[in-house]
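>>> got a predicted structure here, sequence first:
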Amino acid sequence: MINSIKKINDFRLLKDARVLVIGASSFIGTHLVLKLLEHGAIVHATYRSDRPVFPQKVMTEYLDLTDLKAVKNRLKHFQPDYIFNMAAFVDGSRDLDMVLPTMQANLGGNLNLLVATA
């Protein structure tokens, strides 16, 4: 069962917890992974674009949140206690053609994550 936490004031509570960080190659995701490691969490990090470089004890793997089957498989394989979703599709373009792909990636990806954890 995946735990729900609203605010972490003490990362030591995550010692030995299995933590999945989605979007680990983002600025915040990278720092979160390092902080979790510092406090003894077992971290599995996923990325969609640039593969992040972490210490050897962090398993990194490609994951596209818009692929429901892949999301379900990742959760089944790793069985996380906690999930941090730092993933987002960001495009600075003002092109209206980017609205739909952005919504599909961000909203669809989050919906897939919610469905997969249910």
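All right, it came through fine.
>>> drop to CA atoms for contacts and neighbour counts, all remaining ones
OK.
>>> the residue nearest the centre of the chain: what's it in contact with?
When Cα atoms, centre = their mean is applied to the chain, the residue found nearest the centroid is Ile22 (1.1 Å). By Cα atoms under 8 Å, 6 or more residues apart in numbering, Ile22 lies in contact with 29, 45-47, 63, 83-87.
>>> buried residues in the helix or strand of the chain with the lowest mean pLDDT?
Sorted by mean pLDDT, DSSP states H and E, the helices and strands of the chain end with helix 99-103, the least confident at a mean of 77. In terms of neighbour count (16 or more other Cα atoms under 10 Å), helix 99-103 has no buried residues at all.
>>> could you count how many residues lie near Lys76?
Neighbour count of Lys76, defined by other Cα atoms under 10 Å: 12.
>>> please enumerate the helices of this protein.
All helices of the chain, identified by DSSP state H, fall at 27-38, 68-78, 99-103, 109-117.
>>> what comes up buried for stretch 81-96?
Neighbour-count burial for stretch 81-96 flags 81-83, 86-88 (criterion: 16+ other Cα under 10 Å).
>>> coming back round to it: can you tell me which of the helices of the chain comes nearest to Leu13?
Closest to Leu13 of the helices of the chain, according to Cα to Cα: helix 27-38, at 10.2 Å.
>>> I'd like to know which elements the closest one is packed against.
Other elements packing on helix 27-38 under the criterion 3 or more Cα pairs under 8 Å, 6 or more residues apart in numbering; DSSP states H and E are strand 18-22, strand 42-47.
>>> now tabulate these in JSON lines and tack on distance to Lys72 and mean pLDDT.
Below are those laid out as JSON lines (distance: least, Cα to Cα, whole Å; pLDDT from 0 to 100):
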{"stretch": "strand 18-22", "distance to Lys72": "13", "mean pLDDT": "94"}
{"stretch": "strand 42-47", "distance to Lys72": "14", "mean pLDDT": "92"}
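>>> tell me which of those strands sits nearest to Lys76.
Lys76 lies closest to strand 18-22 among these, at 11.7 Å (Cα to Cα).
>>> could you list the paired strands of the closest one along with their orientation?
Using DSSP bridges, the strands paired with strand 18-22 are strand 42-47 (parallel), strand 82-85 (parallel).
>>> thanks a lot, see you next time.
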